[in-house]
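# Next input, structure requested:
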Amino acid sequence: MNSTKSTKSRFETFENLFLRLISKLKTVREGTVMISIIVSSTFLAIVSPHFLTEKNIFSTAIGLSSDGIITIGITLVLISGGIDFSLGSIMSLSSITTAVLFKSGLNIWLACIIGLAVGLLCGLLNGFFIGKVGLSPFITTIAVMGIVRGLAYVITEGSPISIFNAPASFFKIGQGIFFNIPIVVLLFVALTIIFDFVAKKSDLLRKIFYTGSNENAAILTGINTAKVKISVYLLAAFLASFAGIINMARFSVATPSVGLGADVSMRGISAAVIGGASLSGGEGTILGGVLGVILLNIINNGLILLNVPVYWQDFINGIILLIAVTFDFFSHKRKLNR
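Predicted coordinates:
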């Protein structure tokens, strides 16, 4: 009997120590991710002569930019206590709408504005049913994902739409270089700075945090949580639509298969959680999410350079996400036990 109590006591002590360790890591998550980026980059620079080449750095930076833009929106959604699996589909429909309108004779920039408006409409649909009606974010965004993805396939009949005859000024968004830096990377950096700065200075971020931490308490303080939720889903949809248009300018084509279901959202969720956002809501930073994107893309780039089969990349990314979610779970558990 005493032995059983002793074992239980040791287990509880170990669990408490583990929870404290997780909590410490959580408070310095951005620093931890930054160190991981440095360590990963150093290792890959040693084992692969191609890692630090200008071509590879450019390719990696361009590749992570659209994921990074989407992750900014997903981070805000997670902080609010929600989740969004529909962003890949919204990304696809926005670019397809833009391409179809351009092919019909509309000015490319006006077509882009309408494409962004379609994305915002999808975000409003998510926000309305989640914020106003009170439906589950998980179910709602999966349903919207299916609706939007199906609509994209109906419009295109499953075929890509090329826009090779678009003005050169449009293609500069995805293919242009400014002071030896890809414009798409500059756009990503600019959006990160703007959203990180505005988020820290605006009253909206405080409301997003309160809504995600304790919605009932937020309502009692006078916060319109429905409006907050609608706002974050609108922002996330806008950023996904913008990323879709950037990709269209980069590849000169719009396709219904871009973003493939929940894949884009899952990459963004993984990056945000790795960067410190909590699936329980009320925690996270824009910078943390962006650092998470950089780390994931460096790891994936390294796997490619080391000739690791593609299916192993999904496996490794899944392991990384599982570790991050485990950290998040125990950190949240410790908070509840206080």
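
# C-alpha from now on. contacts and neighbour counts both.
Noted.

# Who are the contact partners of residue 133?
Under the criterion of Cα atoms under 8 Å, 6 or more residues apart in numbering, residue 133 has no contact partners.

# do residue 243 as well
Contacts here follow Cα under 8 Å, 6+ apart; on that basis residue 243 touches 66, 67, 69, 70, 91.

# and with 7 Å instead?
66, 69, 70, 91 (Cα atoms under 7 Å, 6 or more residues apart in numbering).

# Just the C-alpha atoms of stretch 202-221, please, in CSV.
Backbone C-alpha positions of stretch 202-221 (Å, rounded to 0.1, in the frame of the first residue of the first chain) are rendered in CSV as follows:
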residue,chain,number,x,y,z
SER,A,202,-5.1,48.1,-31.4
ASP,A,203,-8.0,47.4,-29.1
LEU,A,204,-9.1,44.6,-31.3
LEU,A,205,-6.2,42.3,-30.2
ARG,A,206,-7.1,42.8,-26.6
LYS,A,207,-10.7,41.8,-27.4
ILE,A,208,-9.5,38.8,-29.4
PHE,A,209,-7.4,37.6,-26.5
TYR,A,210,-10.2,38.1,-24.0
THR,A,211,-12.6,36.2,-26.3
GLY,A,212,-10.3,33.3,-26.7
SER,A,213,-9.3,33.2,-23.0
ASN,A,214,-12.8,33.3,-21.5
GLU,A,215,-15.7,34.2,-23.8
ASN,A,216,-18.3,34.5,-21.0
ALA,A,217,-16.1,36.9,-19.0
ALA,A,218,-15.4,38.9,-22.2
ILE,A,219,-19.1,39.3,-22.7
LEU,A,220,-19.6,40.5,-19.1
THR,A,221,-16.9,43.2,-19.7
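
# centre of the chain versus that stretch, how much separation?
Taking the mean of its C-alpha atoms, stretch 202-221 sits 21 Å from the chain's own mean (Cα atoms, centre = their mean, to the nearest Å).

# ok so, going back, among the contacts of residue 243, which pair sits farthest apart?
Across the contacts of residue 243, no pair lies farther apart than 69 and 91, at 11.3 Å, counting by Cα to Cα.

# And the two? Which one has more around it.
residue 91 (33 against 27; other Cα atoms under 10 Å).

# now, which of the contacts of residue 243 lie within helices?
66, 69, 70, 91 (DSSP state H).

# residues in contact with the last one?
To tie it back to what came earlier, the one meant is residue 91. Here residue 91 is in contact with 240, 241, 243, 244, 259 (Cα under 7 Å, 6+ apart).

# which one of the ones in helices among the contacts of residue 243 is nearest residue 185?
Nearest to residue 185 out of these is residue 66 (Cα to Cα; 8.8 Å).

# what helix or strand does the closest residue to the closest one other than its chain neighbours sit in?
Nearest-residue entry for residue 66: residue 243, 5.1 Å, with adjacent residues in sequence omitted and distances by Cα to Cα, 6 or more residues apart in numbering. Using DSSP states H and E, residue 243 sits in helix 225-251.
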